[in-house]
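Asker: test case, fold it:
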Amino acid sequence: SARSKPQRCTYLVAYEGIADNFNAWLSHYLEHHPPLMLQLPALRELEIYTRIDSRSGLPFAQANAMQRNKGVFDDASALAIALASPVRDAMRRDFHALPPFTGATPHFAMRSNYGNLGTH
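Answerer: Numbering: from 1, shown residues only. Okay, the predicted model is just below:
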């Protein structure tokens, strides 16, 4: 029998730029931004990924994001409510208070399926 897998809405954000002072940028971000994000209405999960510098012999360009986030909401309407909340305004103000950096900060909303991977 087919099992119904719960669906959520995952919101991915990347900071793909270069900071004038990466340590100061990341320190400010980690100190100020997550406490705000945790106040978003209906946020179910929050993960923050910082980069690991490494070398690779693969024939592909390496991603060079300073940091990435993953936020999970029940569905797209819950995400829309969170993005329209006063918390998002506070996050925007904090974004503009970050130490200087250049580069894109793309945001992606995606449907995500969660379910049992089965037994091994």
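Asker: could you say which helix or strand holds the spatially most central residue of the chain?
Answerer: When C-alpha atoms, centre = their mean is applied to the chain, the residue found nearest the centroid is residue 69 (1.9 Å). Here residue 69 is covered by strand 67-73, with elements defined by DSSP states H and E.
Asker: list the helices and strands the very next helix or strand once past that strand packs on?
Answerer: With elements assigned by DSSP H and E, the helix or strand that comes after strand 67-73 is helix 76-83. Counting contacts by 3 or more C-beta pairs under 8 Å, 6 or more residues apart in numbering; DSSP states H and E, helix 76-83 is packed against strand 7-15, strand 107-113. (Each C-beta comes from the backbone N, C-alpha and C, glycine too.)
Asker: how close does residue 90 get to residue 7?
Answerer: To residue 7, residue 90 is 29 Å away according to C-beta to C-beta, to the nearest Å.
Asker: in terms of neighbours, single out the busier of these two.
Answerer: residue 90 (16 against 13; other C-beta atoms under 10 Å).
Asker: setting aside sequence neighbours, what's the nearest residue to the more buried one?
Answerer: residue 36 (5.3 Å; C-beta to C-beta, 6 or more residues apart in numbering).
Asker: what's the average pLDDT for stretch 6-19?
Answerer: Regarding stretch 6-19, the rounded mean pLDDT is 92.
Asker: show residues contacting that stretch.
Answerer: 25-26, 29, 44, 63-76, 78-79, 99-115 (C-beta atoms under 8 Å, 6 or more residues apart in numbering).
Asker: for PyMOL, what selects the buried ones among those residues?
Answerer: Filtering these down to the buried ones (16 or more other C-beta atoms under 10 Å) takes a single PyMOL command:
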select buried, resi 25+26+29+65+66+67+68+69+71+72+73+78+79+101+112
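Asker: is the closest residue to residue 110 other than its chain neighbours in a bridge, and if so with what?
Answerer: Leaving out its chain neighbours, the residue that sits closest to residue 110 by C-beta to C-beta, 6+ apart is residue 10, at 4.9 Å. Beta-bridge pairing of residue 10 under DSSP bridges involves residue 72, residue 110.
Asker: for residue 10, grab the count of nearby residues.
Answerer: 19.
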